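**Q** Please find the sequence and the predicted model below.
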Amino acid sequence: MEYFRERLAGVTIECKPAADVIQRYDEPDALIYVDPPYMPETRIASSTISYRCEMTEADHEALARTLHEAEGMVVLSGYRCPAYDEWFSTWRRIDREAWAERAAKRIESLWISPSCEERLRRETEIQEANIMPLMRAVN
Ligand SMILES: C[S@@+](CC[C@H](N)C(=O)[O-])C[C@H]1O[C@@H](n2cnc3c(N)ncnc32)[C@H](O)[C@@H]1O
């Protein structure tokens, strides 16, 4: 119990539409990780799994607009489909094979927003700049 108390100290859990939560906490230093329900067309036909709240294609399009307007850094997970390819064409996509339902393998994707990409690049540069003098000292 102590572990959970410590782990959740400072954590706020909200039960609201994603767009409301994003707008409430959005700022340039915010990292917004979004794991929405799947686009209807990416669902496996035999799947019996669905969420209490599903999203239509129009909901996904509205979410995409919210994510593009966000000032924060966005990481979005899901399955590729033509609409996501179009909406997030300027974002870096990372594909990984993962276990899905019924022990089937599927390619899952992460989309990284340009501002997140830029921050990652800068942080890597800073880390490398800090490590290089240490490397020289060791060698
Ligand atoms: C792919 S699941 C996320 C699973 C979660 N990342 C986890 O590991 O447990 C998508 C979730 O989004 C919720 N959801 C659906 N529409 C939503 C909305 N408009 N705003 C916020 N959450 C929503 C669904 O109820 C579902 O729990």
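**A** In hand now; what should we look at?

**Q** list the contacts for T56?
**A** T56 makes contact with P40, according to C-beta atoms under 8 Å, 6 or more residues apart in numbering. Where you see a C-beta, it was placed from the backbone N, CA and C, and this is true even at glycine.

**Q** Just the pLDDT for it.
**A** What the model reports as pLDDT for T56 is 93.

**Q** Tell me the buried residues in the lowest-mean-pLDDT helix or strand in the chain?
**A** Sorted by mean pLDDT, DSSP states H and E, the helices and strands of the chain end with helix 114-138, the least confident at a mean of 91. Of the residues in helix 114-138, those scored as buried under the neighbour-count criterion (16 or more other C-beta atoms under 10 Å) are C116, R119.

**Q** Now do F88: how many residues are near it, please.
**A** Neighbours of F88 under the rule other C-beta atoms under 10 Å: 21.

**Q** Check which helix or strand the closest residue to it other than its chain neighbours maps to.
**A** When the adjacent residues along the chain are set aside, F88 lies closest to W111, with 4.6 Å between them (C-beta to C-beta, 6 or more residues apart in numbering). For W111, the enclosing helix or strand under DSSP states H and E is strand 105-112.

**Q** Mind giving me the packing neighbours of that strand?
**A** Strand 105-112 is packed against strand 73-78, strand 92-99, with contacts defined by 3 or more C-beta pairs under 8 Å, 6 or more residues apart in numbering; DSSP states H and E.

**Q** distance of R5 from T124?
**A** Using C-beta to C-beta, to the nearest Å, we find R5 at a distance of 35 Å from T124.

**Q** Give the bridge partners for the residue nearest to F88, please.
**A** When bridges are assigned using DSSP bridges, the partners listed for W111 are L76, R93.

**Q** Please verify my assumption that it contacts W91.
**A** Yes: judged on C-beta atoms under 8 Å, W111 makes contact with W91 at a distance of 4.4 Å.

**Q** Would you tell me which residues of the chain are close to the ligand?
**A** Residues of the chain found near the ligand, taking C-beta under 6 Å from any ligand atom as the criterion, are P17, A18, D35, P36, P37, Y51, R52, C53, M55.
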